[in-house]
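In: predicted coordinates and the sequence they were generated for:
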Amino acid sequence: MYSEVALRGDFIAHHLDAGIPWEEALNGTPYSPEVEAEISARLANTPTNMRTYLALSPLNGMRDGLADYWGTAPNQPLPSPWDARALDDPDVITAYTRFAADLIQRFSPDYFNLGIEVSELALNDIAAYEDLVNFTAAVSSSLRAQFPNVQLMASVALKSPGSSAAATIRAELPRLIELIDVVGISVYPYVFFDHSDRGDPAKLPADWLSQIAGLAGGKPVAIAETGWIAETLTIPAFGVDIASDSAKQDAYLNTLFTAANTLDARFIVWFSLVDYDALWNGALQQDPVAHIWRDTGLYDENLNPRPALDTWMNRLALPLQ
């Protein structure tokens with residue numbers, strides 16, 4: 001995977017969304033060997049001198065509360081007293097800031113996302129979102145003082161333009177966005193938008209991506225994560241049945257590049273390079289949530305390249321301006 005990243009991109013995205021070692025970060029004690037092993041392996045395998053985007057989350061996987069505990073395994077239940085602490089609790093702010101600062105020192109990222117998909121909390125728990133704004137103010141102030149050359153980010157999970165969810169995001173996010181430098185975009189329209197025939201990128205709303213411009217308030221934007229299915233997606237547990245194929249995936253990538261160029265986006269992260277059928281059938285135990293992104297690779301599960309890979313490489317070959 002790391003070799004392919006070096007060949008297929010001009011920077012690397014490290015997306016750490018498995019919890020926080022809360023107690024260790026607060027007290028300055030060593031992380032568990034498992035946490036250290038994950039960090040060390042990432043650093044050891046990152047190509048030398050490759051630019052880096054680093055993302056971390058104060059929120060749990062459901063984006064409705066404080067991130068889980070990362071100890072001997074990822075996403076462990078929060079121990080007491082962390083399970084009763086609000087996002088703007090001083091110990092939460094201190095522990096998160098210390099862990100973030102340690103990661104920034106180790107990874108030396110150009111961009112640091114201090115809040116993956118923070119917009120989801122505004123939809124799930126508006127009272128907790130108020131705490132998150134306070135949290136972001138404190139964390140961003142501290143990190144900016146320590147690392148003035150790192151661009152601080154938070155990412156927004158885009159919804160269908162004109163939807164009630166999009167309206168809530170427009171109303172609530174500006175207060176948080178004013179605290180960061182670059183607005184990240186998380187966008188998977190084939191499943192999280194509500195227009196008809198979602199598997200066909202030709203049916204995307206005209207402002208599917210440009211809606212971020214009003215929200216960003218003149219700040220630069222970046223595509224922090226995106227993808228498109230190259231096979232039909234059927235998830236009975238969620239009532240999802242969306243037809244797509246590799247040609248439509250390629251069409252989405254072309255549409256994405258055009259829209260991102262119009263916004264002068266800083267970068268694009270395609271979230272899954274290879275379909276992960278084996279992982280899904282194995283360790284993930286056919287988790288229906290993980291199924292959403294299983295078939296979004298630029299390679300299929302047998303490492304056969306899809307047409308979108310050529311499109312990606314042709315764009316990568318263009319000179320930076």
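Out: The structure has been received and is ready for your questions. Numbers count the residues shown, from 1 in each chain.

In: ok, which stretches of the chain are helices?
Out: 2-8, 22-27, 33-45, 90-107, 119-124, 126-146, 164-172, 174-177, 189-192, 212-216, 246-263, 277-281, 288-291, 307-316 (DSSP state H).

In: who are the packing partners of the third one?
Out: Helix 33-45 sits against helix 90-107, with contacts defined as 3 or more Cβ pairs under 8 Å, 6 or more residues apart in numbering; DSSP states H and E. Where C-beta positions appear, they are placed from N, C-alpha and C, glycine not excepted.

In: switch to 10 Å and redo it
Out: In terms of contacts (3 or more Cβ pairs under 10 Å, 6 or more residues apart in numbering; DSSP states H and E), helix 33-45 is packed against helix 2-8, strand 11-16, helix 90-107.

In: check which residues of the helix or strand of the chain with the lowest mean pLDDT are buried.
Out: The helix or strand of the chain with the lowest confidence, counting by mean pLDDT, DSSP states H and E, is helix 2-8 at a mean of 92. For helix 2-8, burial by neighbour count (16 or more other Cβ atoms under 10 Å) applies to V5.

In: one step back: now render the helices and strands packed on helix 33-45 as JSON lines, adding distance to T48.
Out: What follows is the helices and strands packed on helix 33-45, written out as JSON lines (distance: least, Cβ to Cβ, whole Å):
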{"stretch": "helix 2-8", "distance to T48": "9"}
{"stretch": "strand 11-16", "distance to T48": "11"}
{"stretch": "helix 90-107", "distance to T48": "13"}
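
In: which one, of these, ends up nearest to D287?
Out: Judged by Cβ to Cβ, the one of the helices and strands packed on helix 33-45 that comes nearest to D287 is strand 11-16, at 17.3 Å.

In: which elements pack onto the closest one?
Out: By 3+ Cβ pairs under 10 Å, 6+ apart, strand 11-16 packs against helix 2-8, helix 33-45, strand 51-56, helix 90-107, strand 111-113, strand 221-226, strand 268-270.

In: one more pass at 6 Å, please.
Out: On a contact count with 3 or more Cβ pairs under 6 Å, 6 or more residues apart in numbering; DSSP states H and E, strand 11-16 meets strand 51-56.

In: contacts for the strand it packs on, please.
Out: The contact list for strand 51-56 (Cβ atoms under 6 Å, 6 or more residues apart in numbering) reads 11-16, 100, 107, 109-113, 116.

In: show the buried residues in those.
Out: By 16+ other Cβ under 10 Å, the contacts of strand 51-56 give I12, A13, H14, H15, L16, A100, F107, P109, Y111, F112, N113, I116 as buried.

In: quick check: the fourth one vs R198, distance?
Out: Taking Cβ to Cβ, to the nearest Å as the criterion, H15 is separated from R198 by 24 Å.
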